[in-house]
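> pasted the sequence and its predicted model underneath.
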Amino acid sequence: MTGKSIKGITGLSVEDWLDEVRGAEDAAEKSPEPEDVIRAYFSSYAAGDSVSAFERLSSRFMLEHVFSNLDENKLYNADFQPLPRGADAEVISIVEQANPEPDAVTGNKRLFCVKFNLELSANIASGYTEGMNERFFSMVRTLDKLGWKIDAIGTGF
């Protein structure tokens, strides 16, 4: 794979490949509100369904993380997990915040403070703590069929 492009390997452009990985066509039928996307993201992890969780992420977020820490000539980092593997998280509250980085197109970017209770499996090393956690979710409305996606998750913006 060294020196080959994603299109050369998969036959798809980066966006088409990510859409296929995330199952974007299935998401096309409905465009839920950002709060519903966040809840679905956590529900997917609770159900052990990382594929469904990835469907909630923007292309930019995916590209930033799935191609990091690559080795062994892999096409992408198959171990990428935004939440620790085996984590069970229950959303406590989702509160919209004033966005410090408004999008050029009004209404296409929103910021939420999400409080959630996290239960970790034994012997899991994580940047998260067991119990109550708080993270900011930057949401972006993507083109056409994809609707709202999680564009960033952080401790502050």
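Thanks, I have it.

> sec struct for residue 12, please.
Under the three-state scheme (DSSP: H, G, I helix; E, B strand; the rest coil), residue 12 adopts coil.

> ok, it to residue 20 distance?
7 Å (CB to CB, to the nearest Å). No exception for glycine: its C-beta is placed from N, CA and C like everyone else's.

> the strands in this structure, which residues?
Using DSSP state E, the strands of the chain run over residues 88-97, 109-119, 131-141, 148-154.

> okay if I get the ones you listed as CSV plus mean neighbour count, distance to residue 16 and mean pLDDT?
Output for these, formatted as CSV (neighbours: other CB atoms under 10 Å; distance: least, CB to CB, whole Å; pLDDT from 0 to 100):
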stretch, mean neighbour count, distance to residue 16, mean pLDDT
strand 88-97, 14, 31, 91
strand 109-119, 17, 24, 91
strand 131-141, 17, 19, 91
strand 148-154, 19, 16, 90
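
> what angle separates the longest helix anywhere in the chain from strand 131-141?
What stands out as the longest helix in the chain, according to DSSP state H, is helix 34-46. Helix 34-46 and strand 131-141 meet at an angle of 130 degrees, taking axes from the mean of the first three to the mean of the last three CA atoms, to 10 degrees as the criterion.

> list the buried ones in helix 34-46?
For helix 34-46, a neighbour-count test (16 or more other CB atoms under 10 Å) marks 34-35, 37-45 as buried.

> just the residues you listed now: which is nearest residue 110?
Within the buried residues of helix 34-46, proximity to residue 110 (CB to CB) peaks at residue 34, which comes in at 5.5 Å.
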